[in-house]
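In: no sequence on this one, just coordinates:
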């Protein structure tokens, strides 16, 4: 991608990764559905699929594999071209997460990284942020408020599960942040 001009010696070639040279798979597994996606190394979304009716962690690995295969087929990207898979799990217990990662990794033969869905979103944003932006705070507002912070190159993990509404629960005319940002208040 061009050259660097230097004061001494030969010009240095500037290299960059060709975004279509490899791909990453992404999965979001929630209580009611699994979403699968194929993304370039530059963060461009190539395809996205949804599979409904997920029941328990026993079928989660297989349903996740199916969602990823469908997303790959839709994007025209065979699974062999994936470098890794990231999974955001909503409401899955730790032992369920470990079993899903193990089963899916073995069936696909790929490195798998699983996090809670909000943590995965913060890590993904951090990955694609310009270099000077070294800190990302991701806030999810839905039926509850959840947040994740990535500073430097590491997600910061608290000792207790606590949303921003609980952290900043100062009363303002009798309302908490959770109340102000709830679905009923926003709608």
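Out: In hand now; what should we look at? Note that the structure is predicted; figures quoted are calculated from it, not measured.
In: for residue 27, pull up the helix or strand it's in.
Out: Here residue 27, judged by DSSP states H and E, is contained in strand 23-29.
In: direction included, what does that strand pair against?
Out: Under the criterion DSSP bridges, strand 23-29 sits next to strand 33-40 (antiparallel), strand 82-89 (parallel) in its sheet.
In: any chance of JSON lines for those strands, columns distance to residue 69?
Out: (Each C-beta comes from the backbone N, C-alpha and C, glycine too.) As requested, these are exported to JSON lines (distance: least, CB to CB, whole Å):
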{"stretch": "strand 33-40", "distance to residue 69": "8"}
{"stretch": "strand 82-89", "distance to residue 69": "11"}
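In: need the helix or strand of this structure with the lowest average pLDDT.
Out: Ranked by mean pLDDT, DSSP states H and E, the weakest helix or strand in the chain is helix 164-167, scoring a mean of 42.
In: quick test: name the residue nearest the centre of this structure.
Out: For the chain, the residue nearest the mean C-alpha position is residue 120 (3.5 Å; CA atoms, centre = their mean).
In: which other residues reach the helix or strand that contains it?
Out: Here residue 120 is covered by helix 117-128, with elements defined by DSSP H and E. With contact meaning CB atoms under 8 Å, 6 or more residues apart in numbering, helix 117-128 is reached by 26, 28, 30, 43, 86-90, 114-115, 136-138, 140, 146-150, 153, 155.
In: just the buried ones among those, please.
Out: 26, 28, 86-90, 114-115, 136, 138, 140, 146-150, 155 (16 or more other CB atoms under 10 Å).
In: and the strands in the protein?
Out: 3-4, 12-13, 23-29, 33-40, 45-52, 82-89, 112-116, 135-141, 145-151, 154-156 (DSSP state E).
In: turn the ones you listed into JSON lines, including mean pLDDT.
Out: As requested, these are exported to JSON lines (pLDDT from 0 to 100):
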{"stretch": "strand 3-4", "mean pLDDT": "74"}
{"stretch": "strand 12-13", "mean pLDDT": "80"}
{"stretch": "strand 23-29", "mean pLDDT": "90"}
{"stretch": "strand 33-40", "mean pLDDT": "91"}
{"stretch": "strand 45-52", "mean pLDDT": "91"}
{"stretch": "strand 82-89", "mean pLDDT": "89"}
{"stretch": "strand 112-116", "mean pLDDT": "84"}
{"stretch": "strand 135-141", "mean pLDDT": "81"}
{"stretch": "strand 145-151", "mean pLDDT": "80"}
{"stretch": "strand 154-156", "mean pLDDT": "75"}
